[in-house]
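J.: coordinates for the following, if possible.
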Amino acid sequence: MEELKKKINDLKKQANTSNIVGAVILVASIAGWLIGTLKKIKALSGFSIIFIIVSVVFFIIGISKFLTYKKANKNINNNSSYANKTYGGLEEYSHFVAYLNKKAQTAKNAAVNTLSALTSVFGFGGVFVSGQNGWDVFVNKNNIILNCPNKNESFSDNKFKIVETSKIKKVDFETLKGIERVKISMRDTEKIFVIDVIIKSIEEIEIVRETFKSIVVN
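T.: So this is what the prediction gives:
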């Protein structure tokens with residue numbers, strides 16, 4: 001939960017920083033425009049107008065970040081939210097840090113996102129992902145919950161992806177160099193999810209296999 005709050009507070013800091021920078025640029029730009037107008041320096045007046053527009057952009061970014069912060073803060077204080085259940089540790093999950101890998105998709109499941117997990121952490125809560133396509137994958141006996149923090153900064157429930165374990169038909173495994181490939185087949189469709197988990201030992205292979213075997217409902 002502390003890491004979750006830190007992530008959200010960073011949004012507030014970004015909002016404040018953007019607004020402060022915007023205010024500084026705006027004050028300087030207005031001063032420049034006044035001086036340019038009084039002294040009849042057209043170049044200075046022209047540049048000042050451009051920087052006034054730049055300051056407005058900073059204000060827009062700042063306001064957007066602040067609104068996102070407010071939404072995120074509301075979501076983590078909601079005990080029934082997915083953010084609380086996963087990152088907040090309200091429920092127990094095995095956690096994977098993953099990256100979207102469209103190239104690994106087969107023609108059979110071209111419409112399904114394939115996940116390549118670069119790191120894994122088992123237990124409560126989760127670790128935030130850096131990178132544009134970063135995904136957090138949470139697994140327990142009831143469901144698999146996926147979230148992309150960089151695309152869901154407000155941690156809104158409607159942007160979490162949910163896969164119910166009751167809809168999983170089977171799970172297959174393939175050990176490759178440095179990874180354990182987990183192939184999740186769905187009951188009501190021909191589509192599959194493929195998760196490549198980086199492993200460093202035989203023990204980690206067993207942990208990955210046991211984790212995903214345990215979610216299959218016979």
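J.: for the rest of this, base every contact and every neighbour count on C-alpha atoms.
T.: OK.
J.: quick one: the helices in the chain?
T.: Secondary structure of the chain, counting by DSSP state H: helices at 2-38, 42-76, 82-86, 202-213.
J.: which of those helices sits closest to N150?
T.: Of all the helices of the chain, helix 2-38 sits nearest to N150, with 10.9 Å by CA to CA.
J.: mind giving me the packing neighbours of the closest one?
T.: helix 42-76 (3 or more CA pairs under 8 Å, 6 or more residues apart in numbering; DSSP states H and E).
J.: gap between the nearest residue to I144 once chain neighbours are set aside and D188?
T.: Nearest residue to I144 in three dimensions, chain neighbours excluded: V163, at 5.0 Å (CA to CA, 6 or more residues apart in numbering). Distance of V163 to D188, given as CA to CA, to the nearest Å: 12 Å.
J.: which ones are touching the residue nearest to I144?
T.: By CA atoms under 8 Å, 6 or more residues apart in numbering, the contact list for V163 reads N143, I144, I145.
J.: nearest to S214 among those?
T.: When the contacts of V163 are compared against S214 (criterion: CA to CA), the nearest one is N143, at 11.2 Å.
J.: is the closest one in a bridge, and if so with what?
T.: The residues listed as beta-bridge partners of N143 by DSSP bridges are E164.
J.: contacts only, for it.
T.: Counted by CA under 8 Å, 6+ apart, N143 has contacts I162, V163, E164, T165, S166, I215.
J.: isn't the fourth one right up against N142?
T.: In this case it means T165. Yes: shown here, T165 and N142 form a contact pair, counting by CA atoms under 8 Å, at 5.5 Å.
J.: overlap of the contact sets of these two?
T.: Counting by CA under 8 Å, 6+ apart, the residues touching both T165 and N142 are I215.
J.: who has more neighbours out of these two?
T.: T165 (21 against 14; other CA atoms under 10 Å).
J.: quick check: the gap between that one and V208.
T.: Separation of T165 from V208 (CA to CA) stands at 16 Å.
J.: equivalent analysis for R187, please.
T.: Taking CA to CA, one finds R187 at 21 Å from V208.
J.: can you tell me the closest non-neighbouring residue to N9?
T.: Y69 (7.3 Å).
J.: for that neighbour, which residues are in contact?
T.: So Y69 contacts I8, N9, L11, K12, S154 (CA under 8 Å, 6+ apart).
J.: what about 10 Å?
T.: 7-15, 63, 75, 153-155 (CA atoms under 10 Å, 6 or more residues apart in numbering).
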